[in-house]
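Asks: Take a look and give me a structure for this.
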Amino acid sequence: MTRTRTAALVVLLIMLSGCAELLNTLKTISAVKQLTEADIVAGLREALSVGARNAAGRLASQDGYWGDPAVRIPLPDEAKVIVENIGRIPGGQQLIDNVVLSINRAAEDAAREVAPIFVNSVTQMTITDGYNILHGADNAATVYLRNTTWNGLYDLYKPKISASTGKEIVAGVSAQDSWNTLTGKWNQVANSVAGRLAGFKPVNTDLDDFLTRKALEGVFLKLEGEELKIRKEVSARVTPILREVFGTLDQQ
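Replies: Numbers count the residues shown, from 1 in each chain. Sure thing, here's the model as predicted:
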């Protein structure tokens with residue numbers, strides 16, 4: 001083959017390679033443009049619905065909160081003084097163990113109700129919101145949902161938590177009973193003459209408020225993980241609309 005023909009072949013190959021890249025780019029642009037506002041919003045709502053159901057399912061299972069250090073709910077910060085002075089309360093350590101276990105069991109019980117609350121809360125999403133979420137950070141949908149629905153979710157979820165803390169979940173005792181016993185014994189110490197001289201303060205934390213906030217934080221953390229799966233793993237896109245909308249990200 002002559003040098004001229006060789007050079008021509010090289011140029012042709014380069015041109016064909018360039019055309020292939022251009023074609024792929026055009027396909028990507030075309031795929032994105034073919035997605036309507038309804039497609040994007042439907043895909044994102046579906047992603048949040050699937051993610052919420054999966055996250056809630058995991059948290060609602062036995063040890064969903066209690067067995068997961070990432071979401072396990074500790075005692076309220078206000079109870080730190082009790083932990084630091086636990087020796088002053090008869091059977092104090094056992095009381096603390098009972099409270100921590102029971103509040104996590106209450107959160108697991110309430111988590112059964114969270115998925116429908118999330119799904120019903122995702123009602124408004126503009127094309128700008130949708131585009132920014134779709135092409136945003138890996139947790140963009142979770143952040144959007146948290147920013148736009150936290151107050152509403154709190155109001156809807158707190159009664160579920162209150163019902164759960166009132167149930168006899170651990171050894172026939174409710175989370176509220178365990179908490180009242182622990183704080184009641186501590187407050188006796190704090191309100192005594194010796195306690196006041198030592199500067200101890202009574203603990204009057206609203207358990208349902210604390211638990212609702214912590215439980216929701218756990219749900220959002222798990223939801224963030226589910227969103228990441230949908231963005232990165234094709235197998236997590238379990239419906240056609242998820243595959244269509246999030247499939248455009250694979251082409252970029």
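Asks: who's in contact with the closest residue to residue 214 other than its chain neighbours?
Replies: Computed as CB to CB, 6 or more residues apart in numbering, the closest residue to residue 214 that is not its neighbour in sequence is residue 73, at 4.5 Å. (C-beta placed from N, C-alpha, C; glycine too.) By CB atoms under 8 Å, 6 or more residues apart in numbering, residue 73 lies in contact with 65, 100, 103-104, 107, 211, 214-215, 218.
Asks: quick one: which of those residues is most hemmed in?
Replies: Using other CB atoms under 10 Å as the neighbour test, the contacts of residue 73 are led by residue 103, with 32 neighbours.
Asks: secondary structure class for the residue nearest to residue 214?
Replies: Taking DSSP: H, G, I helix; E, B strand; the rest coil as the rule, one finds residue 73 in the coil state.
Asks: any idea of the pLDDT on it?
Replies: At residue 73, the model reports a pLDDT of 94.
Asks: Show me the contacts of residue 73 that map onto strands.
Replies: In strands, judged by DSSP state E, none of those are found.
Asks: List just the nearest of those residues to residue 157.
Replies: residue 215 (7.2 Å; CB to CB).
Asks: Go ahead and confirm that closest one touches residue 109.
Replies: No - using CB atoms under 8 Å, residue 215 makes no contact with residue 109, being 10.1 Å away.
Asks: Now do stretch 151-160: distance to the chain's middle.
Replies: 15 Å (CA atoms, centre = their mean, to the nearest Å).
Asks: ditto for stretch 199-206
Replies: That offset, for stretch 199-206, works out to 30 Å (CA atoms, centre = their mean).
Asks: what's the answer for stretch 54-74, then?
Replies: 11 Å.
Asks: swap in stretch 147-163?
Replies: 14 Å.
Asks: Can I get that stretch as PDB, trimmed to CA atoms?
Replies: This file holds the C-alpha atoms of stretch 147-163, laid out as PDB (Å, rounded to 0.1, in the frame of the first residue of the first chain):
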ATOM      1  CA  ASN A 147     -36.300  20.400  52.000                       C
ATOM      2  CA  THR A 148     -39.900  20.500  50.700                       C
ATOM      3  CA  THR A 149     -41.700  17.900  52.900                       C
ATOM      4  CA  TRP A 150     -39.900  17.800  56.300                       C
ATOM      5  CA  ASN A 151     -42.500  19.900  58.200                       C
ATOM      6  CA  GLY A 152     -45.500  18.100  56.600                       C
ATOM      7  CA  LEU A 153     -43.900  14.700  57.200                       C
ATOM      8  CA  TYR A 154     -43.200  15.600  60.800                       C
ATOM      9  CA  ASP A 155     -46.800  16.500  61.400                       C
ATOM     10  CA  LEU A 156     -48.000  13.300  59.800                       C
ATOM     11  CA  TYR A 157     -45.400  11.000  61.300                       C
ATOM     12  CA  LYS A 158     -45.400  12.200  64.900                       C
ATOM     13  CA  PRO A 159     -48.800  10.700  65.700                       C
ATOM     14  CA  LYS A 160     -47.500   7.300  64.300                       C
ATOM     15  CA  ILE A 161     -44.500   7.600  66.700                       C
ATOM     16  CA  SER A 162     -46.800   8.600  69.600                       C
ATOM     17  CA  ALA A 163     -48.900   5.500  68.900                       C
END
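Asks: Could you give me the buried positions within stretch 80-99?
Replies: Neighbour counts using 16 or more other CB atoms under 10 Å place 81-82, 85-86, 88-89, 92, 95-96, 98-99 of stretch 80-99 among the buried residues.
Asks: actually stretch 180-199, not the one I typed
Replies: 181-183, 185-187, 189-190, 195.
Asks: and what of stretch 54-73?
Replies: 54-56, 58-60, 64-66, 71-73.
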